[in-house]
Each structure stands twice: as C-alpha cells, then as structure tokens.
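# Just the structure for this:
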Amino acid sequence: MNALLEWLPLAIFFAVFKAFGIYPATAALMVACVALLVAHRWRTGKVKPMHAVTAVTALVLGSATLAFRDARFIEWKPTVLLGIAAIAFLASARFARRPLARRLLESAFTEALEVEPRLWRWINGLWAAWFALLAAANLYVAGHYSAAVWVDFKVFGLSIATFLFLIPQVLWLASRAKPALAAGGSSPG
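Numbering: from 1, shown residues only. You can find the predicted model right below:
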C-alpha cells in the first residue's frame, strides 16, 4: 500500500497530462504531492523528508510554471530532486555514520549483509553519480524534446532506468547476505 501511495503523484501527473495537458497536470501534481505529505503524516505521525522536499519543489516550480505559463519550470523538478539526492548521497559518505546507499539497501534485506565499509562507500558514490547522470539526462530531454516525450521519459524512462540500475546491486547484495541463526542460536551445519 505504501509503495502505491509513493507512486500516486507521478501516476496522477501522467494521467492528467495525457487527458488535459501540462498545466492541469502541473496543478494536479502539486495537489497530489501535498496530499501524499499530509496522508503520510496522518497515518504515521511523521513527515517523510523526501515527501517534504518533493512537495516544496513541486509547489515552487509548479507555481512558476502556472504563473508564467512556462513548462520549463516543472520540467526542472526531476533535475532538482535528483540533484538533491546526488548531494545527499555524497554528503552521507562524508558526514553520516553509514552512507545513504547502505541505509537504503540494507533496509531491503532481513538478513545481515557482509559488505566492507569501503564497498559501501563505492556503492554510495555510484548512487551519487547515477542521480547526477539522471539529472543531466532530464535536462537534456526537457530541453531537446516535446513535453509529451519529456513526460514519458520522466514517468517511464527515469523509473525503468533506476530499476535496472538497482537490480544488479540487489542481486550482488543478496549473495552477500548472511543467513539468520536458527531458533536454537546456532547456525545451520
């Protein structure tokens, strides 16, 4: 259910764009991002930082898009968010106890992962570079293609590319998973 809610603003943006165009889609995205933020806060009592950053970015760039009737502002939203993500991954390697990539990927496993800290830093650097590359790709597509092509790239291209980037990492990490101890406290023999 949570995963569905996370993708809802993107799905709403896409559907409204296909039916009515970029300006109604922008307004719908703004409402959907704020609604997601409020719904998560209501359900959990907490504000997810990524929801807050996304909602603020959508509101600022969406408002500029609607006020100036210029779609370039909303087209910059993925670049801004991906750039923030790249910076967050880089900063986590320097200032956090565990790099952001480690926190993100370890949370997907119930077993402990046997990965050296230097490898986690390397993976974290890959994620930072990946997000920077996607940010640049978004700017390129937004600047060189129609809004319809950009919307398809934003909705499908960025999502599929990130999924394909993630698969080899998850498979490699699964091979590094340490089996959980048996109920009696000893490992299987």
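
# Please parse this protein into its domains.
By the assignment in automatic domain parsing, the chain contains the domains 1-69, 76-178.

# how distant is the strand or helix carrying A3 from the center of its chain?
Using DSSP states H and E, A3 sits within helix 2-20. Here helix 2-20 shows a centroid-to-chain-centroid distance of 15 Å under the convention CA atoms, centre = their mean, to the nearest Å.

# Counting by contacts, list what that helix packs against.
Applying 3 or more CB pairs under 8 Å, 6 or more residues apart in numbering; DSSP states H and E, one finds that helix 2-20 contacts helix 22-44, helix 147-152. Any C-beta I mention is one placed from the backbone N, CA and C, and that applies to glycine too.

# Adding mean neighbour count and mean pLDDT, write the ones you listed out as TSV.
Listed next are the helices and strands packed on helix 2-20 as TSV, based on neighbours: other CB atoms under 10 Å; pLDDT from 0 to 100:
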stretch	mean neighbour count	mean pLDDT
helix 22-44	18	96
helix 147-152	17	98
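
# Which among those is found nearest to V170?
Closest to V170 of these, according to CB to CB: helix 22-44, at 24.8 Å.

# what residue ranges in this structure score low on pLDDT?
The model of the chain has pLDDT under 70 over residues 1, 180-189.
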